[in-house]
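In: Here is my input, please return the structure:
(one chain, ligands or ions: 1)
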Amino acid sequence: MGKFMLINGPNLNMLGKREPNHYGHKSLLDIENEVKELASSLGHDVECMQSNHEGVIIDQLHKGGIEGYHGIVLNPGAFTHYSYAIRDAISSITTPVIEVHLSNVHARESFRHTSVTAAVTKGQIVGLGDYGYQLAILALDRMIRGIH
Ligand code: DQA
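Out: This next block holds a predicted model:
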């Protein structure tokens, strides 16, 4: 029914190996497969991508908008805290974007307390580990069913 995107930003290809105290033990592939499984059980497709490059993430957001995707789940990684270009890319499309962070950024270093992107997203899910991605899919499912 819906066409969704899951976009993960820099260093998230290292999930499972990278600071498991903050980001857990699952690999990105595990997380992507679980997200696809949940979405497909609700009748949706998810295209997953990860990039360590700001411009590639911007191109992917534009693609989501231009090609009429119904929703985007985005973990911009550290770009969250300073990328006005990713913020502008989110603003430039009408596709709803949900921002997800695995760790509770508010309980960490002060530079992580600011998100320059959150204000132009539909909403933000923070600190619930990989379950946050699943919650984002559930939220998009409700949105496209018109029950938000
Ligand atoms: C993160 C939080 C960011 O501060 C960090 O730079 C990341 C991951 C998270 O999912 O908790 O790369 O977005």
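In: who's in contact with the residue nearest to Arg112 when sequence neighbours are not counted?
Out: Excluding its sequence neighbours, the residue lying closest to Arg112 (CB to CB, 6 or more residues apart in numbering) is Val105, at 4.1 Å. Just so you know, the C-beta spots here come from the backbone N, C-alpha and C atoms, and that holds for glycine as well. Going by CB atoms under 8 Å, 6 or more residues apart in numbering, Val105 touches Thr80, Arg112, His113, Ser115, Val126, Gly127.
In: Next one: the last one from the ligand, what distance?
Out: Same thing as Gly127. If you measure Gly127 against the ligand using CB to the nearest ligand atom, to the nearest Å, the figure is 8 Å.
In: Ok, the third one next?
Out: For His113, the distance to the ligand (CB to the nearest ligand atom) stands at 10 Å.
In: Next up, phi/psi of Asn104, please.
Out: In terms of degrees, to the nearest 10, the main-chain angles of Asn104 are phi -80, psi 90.
In: burial of it, as a residue count?
Out: Neighbourhood size, Asn104 [other CB atoms under 10 Å]: 13.
In: From what I see, it and Val126 are in contact.
Out: Yes - counting by CB atoms under 8 Å, Asn104 does reach Val126; the two are 5.9 Å apart.
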